[in-house]
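S.K.: The sequence and its predicted three-dimensional model are supplied below.
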Amino acid sequence: MTEPGEKLSDKELKAQTEQLRKVWENPVGWRYWTSVNNTQIGLWYATTAFAFMLFAGVLGLIMRAQLVVPDNDLVTADFYNQAFTLHGTVMMFLFAVPVFEAAAIFLLPSMLGARELPFPRLGAFGFWSFFLGGIFVCGSIFFGAAPSSGWFMYPPLATDEELSGIGADIWLLGLSFIEVASIAAAVELIVGIMKCRAPGMRINLMPLFAWYLLIVAGMILFAFPPLIAGDILFELQRMFDWPFFDPVRGGDPLLWQHLFWIFGHPEVYIIFLPAIALMAMIVPTFSRRPIVGYSWIVLAAVGTGFLSFGLWVHHMFATGLPQISLAFFSAASEAVAIPTAVQIFVFIATMLAGRVILATPMLFGAGGIAIFVVGGLTGMMVAIAPFDWQAHDTYFVVAHLHYVLIGGMLFPVVAGIYYYYPLIDGKHLSNRLGRAAFWLMFAGFNIAFFPMHFTGLLGMPRRVFTYPGDLGWNWLNLVSTGGAFVFASGIALVVFDVIRPKHRQPRGEQNPWNAGTLEWISEPEENWGVRSIPHVASRYPLWEQPDLAREIGEGRWYLPDAAEGRREGLITSVLDAQPEQVLRVGGTSTVTIVSALSLGAVFVALTFKWWIATAIAALVCFSAILYWLWTGTGEIPEKAHKDVGNGVCLPLYSSGPASVGWWAMFITMIGDSTAFASLIFGYFFYWTIHDDFTAGAPGPGMAWPLIAATLFVGAWLMTLAARHFNNRGQVLRARSALVAAFALTAAASVAGFNGPWSHGMDPTAHVYAAIIWVLVGWSLAHAAVGSVMLGYCLARSFAGRLTKSHDMDIRNVALYWHFLAITTTVTFLVVGLFPEVL
Amino acid sequence: MRLLPKEVETLWTLFTAPAVWAFHFLFCYLSAAIFCAKPGLFGMQFGSLRIAIAFATMAALAAIALSAGLAWRQWGFGAKNPPHDDPTRQDRLLFQGFATLLLSGLSFVAVLLTALPAIFITECLR
């Protein structure tokens, strides 16, 4: 049914509203911080990311102050190294990516007409991980212990413990921790966008912001895991002297560059696309018309998402790879200009077709795009290998990347702040301050960074802490420094505008810009996202369904109350958003903070090689996560179905591909498999660079790896058998199959370990042994997780929480085991048979 | 026997053409990288590598053309113009068809661009 329900009497409506408010309300006092509500998490996330940005911005200013005149001695060379490393690291990892996650968590539910994202506690866990990891990384500079080898941490400099100190460990472990948070956010966003849209919001009606975020979250799944794999290799070398990047023992520093940039280049688009997504919301609002070329934007987002993975070697043009390889990447780098330009032309067309109101958000957006276009054009220049050989590692590149990132990301984000601020507390930011800030930032930015193109062409390398006075760089640097401070004053003005007290200012209108999308019905005073979940029938519901906002507010659509006192949302189908299920999401909890804190403690303790503390923290984290799963997931509802209003009755429980948990597992395992594929890439990479990759060392033999592979397949089949028996209600058989799978996993793990062990392979002696141990270790660690899952299912079965009709746990575990079977089969066939047999 | 497969309704068809581009790109890059790192492995000349890339390119272009053809059909052979923003299954299908067609076009050009170096480069020069 797509008509709203009858209006309730005032009394009934009031009672219903009170109840809903109570269910979604935040805890008070210190417990406020245990909230998992998307508005709070989004706001904390954004505030923290901004604080990190300001911190990194100050580091940038210190660098500019140091470079203002030649032979300056304001800071030492070592401090300067730490400053530029942290500046880049913080801007990329602690600001640019998290701030988009923040915006997505804050905006998406209401934009999609949903109450919440599907895993609010996961969102909170991600935030706390990010918060702790960020403070750890940033704080290091106050102890003179910050990383100092550049934000891309190239070995051999960064693997040398003498030269790089503990900073490199802080970088590797701190950021690995934050990458976990990003992957958690990706899972949350993909499932949220695919399965939690309001009924009727078919994929052709989805807000463009959601399209972009879907693509970006998918990109995170394929971009971040290679870096995690690289981090593992890197840290193993630093901690245990496994020679992955040491050419003397068969390693190669170039492998790090590959893994880093397979992450690093898509990262640029992971940052850029969400910012453009904000523009795709802002431009139609201020052009007073729907976007021109909706499908073209989808083309651009998907196209950029794919092509951005074929660009990574353009950061390695100067490393001596064969020219044909360079040319492939050069070609792809030029091709990506097509979808990028499509988006900009779509915006221009929309503005031409509408009546443009040049409000502050629009000013920042347009200015940002102008800057970005300059950066894009210099990008086309450096994508041509011979030009890059000239410009590589000079200030030309510094100018290029700041034009791309500040124009393509920072300006649109500030536009987003001015646009969306009324959703935070119902107040407006100042138009006058905003305009002044824009001109200071726009002018300051160009004064600071445009001259750097010339400084670079005149040969000034990046990352030098000072320079002699007779090279013709003096006045260019002087101008750049002046511009940087003007730019910073603009940002300071934005910060002032945001934090200045506004209690005397009256509350503004609910939808001040008269925008068309659903996020503008979310009231800052309420936590429930939407009062009732509407049926959406257009791309701009507030423009084209004029009564909708009122009907939603009067609770006349779906799920207007919370009779059972639970936080509930709707699950809908992927393509047509047909209602499928009522999802009960987790509420306020401390378990997310305990899990994040203990996981953070694991990483911190590892950095300082405090092994006992690491083990204790890991145990706490493991217990916390188990407790979280046991108490917070797979709950059996008190009734099978629930009436959601308007004559629609939906199930409260689902499992397998119909459930969001299954999708979360699937998406997580896609990311996990990407990391595994990166390690396999490493194995074959070492094979290509050596005539004899084994260097005459003994391998793990054939017997043990093949036995391990077979036993793992057996364990997988037993897991499937357990699922099958459980499905038929044969409890005893299901439990026996689980025990058998557990035993087979243990036996397989011993066999897998015994291969390299019994052949005395020493991972510190040569990279061949080291990469075999890493692959085997990866498989065994995953097998250990797989066994815990089997034990968990067994315990759930005994506790009566895993039954024939409530089989979510075993179905998710079986899905994990599909991936585990692939991982172990590939691992043991590769280490056992290659290069010996094949 | 039907010449074209039956119409499938899933989100994934949108990604067919870019996925073909990705596989073609990986093939070009990996085959050239392995060939140049281990010249003796395959016992063939650089010219043969270029021919292999040419075949891979034709296969990729054919696959993308097929994806484009199916998308064109899903788009109702262009009978209706965008924006396809009605709240109906029909418009959702038209939107999917049109977006897939656009992506096929982009992927086609991107495959051609990726293959270009194999026309001009004749050895494993570093």
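M.R.: Looks like it came in fine. Numbers count the residues shown, from 1 in each chain, chains lettered A, B, ... in the order given.
S.K.: And the longest helix seen in chain B, how far out from the chain middle?
M.R.: In chain B, with assignment by DSSP state H, the single longest helix is helix B:89-120. Helix B:89-120 sits 7 Å away from the centroid of its parent chain (Cα atoms, centre = their mean, to the nearest Å).
S.K.: cool, and stretch A:745-759?
M.R.: 35 Å.
S.K.: hang on, the earlier thing: tell me the average confidence for the longest helix of chain B?
M.R.: Averaging pLDDT along helix B:89-120 yields 94.
S.K.: That helix packs against which elements?
M.R.: helix A:294-307, helix A:323-335, helix A:337-353, helix B:16-37, helix B:46-74 (3 or more Cβ pairs under 8 Å, 6 or more residues apart in numbering or on different chains; DSSP states H and E). Using the backbone N, CA and C atoms, a C-beta is placed for each residue, glycine as well.
S.K.: quick check: angle from it to helix B:46-74?
M.R.: Inter-element angle recorded for helix B:89-120 and helix B:46-74: 160 degrees (by axes from the mean of the first three to the mean of the last three Cα atoms, to 10 degrees).
S.K.: For stretch B:29-40, give me every contacting residue.
M.R.: Stretch B:29-40 is contacted from outside by A:313, A:321-322, A:324-325, A:328-329, A:688-689, B:41-42, B:46, B:49, B:52-53, B:124, using Cβ atoms under 8 Å, 6 or more residues apart in numbering or on different chains.
S.K.: Can you point out the buried residues in that stretch?
M.R.: B:Tyr29, B:Ser31, B:Ala32, B:Ala33, B:Ile34, B:Phe35, B:Cys36, B:Ala37 (16 or more other Cβ atoms under 10 Å in any protein chain shown).
S.K.: rewinding a little: type out the ChimeraX command that picks the buried ones from the contacts of stretch B:29-40.
M.R.: Provided next is the ChimeraX selection string for whichever of those are buried by 16+ other Cβ under 10 Å:
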select /A:313,321,322,324,325,328,329,688,689 /B:46,49,52,53,124
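S.K.: Nearest to A:Pro225 among the contacts of stretch B:29-40?
M.R.: A:Val313 (18.7 Å; Cβ to Cβ).
S.K.: Quick one: residues contacting the spatially closest residue to that closest one that is not a sequence neighbour.
M.R.: Leaving out its chain neighbours, the residue that sits closest to A:Val313 by Cβ to Cβ, 6 or more residues apart in numbering or on different chains is A:Phe329, at 4.0 Å. Residues near A:Phe329 by Cβ under 8 Å, 6+ apart: A:Gly310, A:Leu311, A:Trp312, A:Val313, A:His314, A:Phe317, B:Tyr29.
S.K.: got a winner among these for most neighbours?
M.R.: A:Gly310 (27 neighbours; other Cβ atoms under 10 Å in any protein chain shown).
S.K.: show me what contacts that one?
M.R.: By Cβ under 8 Å, 6+ apart, the neighbours of A:Gly310 are A:Phe328, A:Phe329, A:Ala332, A:Ala335, A:Val336, B:Trp21, B:Ala22, B:Phe25, B:Thr114.
S.K.: Closest one of those residues to A:Val831?
M.R.: Looking across the contacts of A:Gly310 and measuring by Cβ to Cβ, the closest to A:Val831 is B:Ala22, at 27.1 Å.
S.K.: Close to chain B: what parts of the stretch 501-650 of chain A are there?
M.R.: A:Val536, A:Ala537, A:Ser538, A:Arg539, A:Val574, A:Leu575, A:Asp576 (Cβ under 8 Å from any Cβ of the partner chain).
S.K.: how about those residues, which pair is most distant?
M.R.: A:Ser538 and A:Val574 (19.4 Å).
S.K.: Which single residue in the stretch 401-550 of chain A comes nearest to chain B?
M.R.: Per Cβ to the nearest Cβ, A:Ala537 is where the stretch 401-550 of chain A lies closest to chain B, at 4.0 Å.
S.K.: check contacts around the closest residue to A:Met669 other than its chain neighbours.
M.R.: Excluding the flanking residues, the one nearest A:Met669 by Cβ to Cβ, 6+ apart is A:Phe819, at 4.2 Å. Counting by Cβ under 8 Å, 6+ apart, A:Phe819 makes contact with A:Met669, A:Asp672, A:Ser673.
S.K.: And A:Val216, by the same measure?
M.R.: A:Phe100, A:Leu189, A:Tyr269, A:Ile270, A:Leu273, A:Pro274, A:Ala277, A:Gly305.
S.K.: now with 10 Å?
M.R.: If a contact means Cβ atoms under 10 Å, 6 or more residues apart in numbering or on different chains, then A:Val216 has A:97, A:100-101, A:104, A:185-186, A:189-190, A:223, A:266, A:269-274, A:277, A:301, A:304-305 as its contacts.
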